[in-house]
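Asker: Model the following, please.
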Amino acid sequence: MASKGAQFRALLKEPGILITPGVFDGYSVRLVEQAGFKMGAISGAGVSESRLGWADRGVMTFEVNLDNARRLADCCDNLLLRADADTGYGNSMNVHFVVRAFENAGMAALMFEDQVWPKRCGHMRGKACIPAEEMVQKVKAAVDARRDDDFVIVSRTDAAGPLGVDEAIRRLNLYAEAGADCMYADALLSKEDIAKVAKNVPRPLIVNMGLGLRSRSTTPLMSPKELEDAGVKVVSYPRLLTTAALKGMMNVMEVFKEDIVKHNRVVNRTDLQVGFEELNDLMGMKTLDDIEQRFAGG
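Answerer: Alright, predicted model coming up:
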C-alpha cells in the first residue's frame, strides 16, 4: 500500500477540490471517517481548547499536540490526517525533530506557519510574522528531515493580515522554492484576495473556512465550488465540529440545570444526546468484540 503521504499526493492530483473537515478528538475523527471523507485536518485550536481549556494562543506544547495526533491516527483506518505544528516549536533544528515525530505518528502531512511565538489563531488580531528568510530555513529543514519523500510539507503564511496579500504571495513563493509541497494562506480577507493568491503561487493552495464575517480578521465564507473556481485545491473547516460540539454541550447543560437540578425531573432528551448503542457503534465496539472473541478461551 502507498504511504499516507503518497495517498495525499494522489488526492491532490484528482480533479476538483478536496474537502477536509477539522478534527480534534476521537469523536470527531471517527465521525469524519464514517461520513466518507478522505482526509481530516487536525485543528490546533481545537486540540488546545478541548484538551487544555485554553484559547489558541501558544499555550499548547509540542508533546501535547504530538500525543493527540498519534492517538487520532491510531483510531482511524482510512482517514488521512494533516497535523498542525504551529510554528514548528523553535528554530530550524527543532523543526527537523518535529517533522520526524509527526511523520512517525502516522500523519500524511504536516503544516507549520511563519508567525512569531507564542502564536495565535490566524483569525485573531495582533499577529506578527518572523522574517521570511527564517521561515525559508525552517521549510528546508522540514523537507530534509522527512524519511518518506512523499510526506507532505505544508507551509502556511499569516502575513496577509499584518503585512498585506502581496507579501503573503511573496512568502509563499519563497517557501515553495525552499521545497514546500502545499501552500496555506490563512485569514485572507476577501474573495478577490483568495483568487489572487491561488493564481500567483506555484503549489496547491489550502484555505480554511471559519465562522463567517464576524470580525475584520475573518475570511469570507465561500462554497467549495466557488473556491475551486478561484483556484483553491483544498479547503478545511477547522471549527465546524469543535463549535458544534460545544454548542451541543451548552444546550444540554441548560436542560440539565432547568429540568433535573432545578425541578428534580427525570428527563431523557434523545433529541440532545446520542444513544448508548449508537455511541458504542461509532467508537469501535464491533472491532473490540471481534478481537476479544478471536482470542477468548485460551
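
Asker: Against Met111, how distant is the closest residue to Gly122 other than its chain neighbours?
Answerer: Among residues not flanking Gly122 along the chain, Asp186 sits closest, at 3.7 Å (Cβ to Cβ, 6 or more residues apart in numbering). In this view, the C-beta of every residue, glycine as well, is placed from N, C-alpha and C. Distance, Asp186 to Met111, by Cβ to Cβ, to the nearest Å: 10 Å.

Asker: shared neighbours of the two, which are they?
Answerer: Arg156 (Cβ atoms under 8 Å, 6 or more residues apart in numbering).

Asker: What number of residues are in the vicinity of Glu134?
Answerer: By other Cβ atoms under 10 Å, the residues close to Glu134 number 13.

Asker: actually Asp114, not the one I wrote
Answerer: If you count neighbours by other Cβ under 10 Å, Asp114 ends up with 28.

Asker: Check Leu66 too.
Answerer: 19.

Asker: And it, which helix or strand is it part of?
Answerer: Per DSSP states H and E: Leu66 is located in helix 62-74.

Asker: Report the mean confidence score over that helix.
Answerer: Helix 62-74 comes out with an average pLDDT of 98.

Asker: Please enumerate the helices of the stretch 151-298 of the chain.
Answerer: 160-163, 165-177, 191-200, 224-230, 240-255, 276-282, 285-294 (DSSP state H, counting those that start in this stretch).

Asker: Just put those helices in a markdown table and tack on mean neighbour count, mean pLDDT and distance to Glu63.
Answerer: Putting the helices of the stretch 151-298 of the chain into a markdown table (neighbours: other Cβ atoms under 10 Å; pLDDT from 0 to 100; distance: least, Cβ to Cβ, whole Å) gives the following:
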| stretch | mean neighbour count | mean pLDDT | distance to Glu63 |
| --- | --- | --- | --- |
| helix 160-163 | 20 | 94 | 29 |
| helix 165-177 | 20 | 98 | 26 |
| helix 191-200 | 18 | 97 | 33 |
| helix 224-230 | 16 | 97 | 34 |
| helix 240-255 | 14 | 94 | 21 |
| helix 276-282 | 12 | 95 | 28 |
| helix 285-294 | 10 | 94 | 28 |
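
Asker: Right, I'll leave it there.
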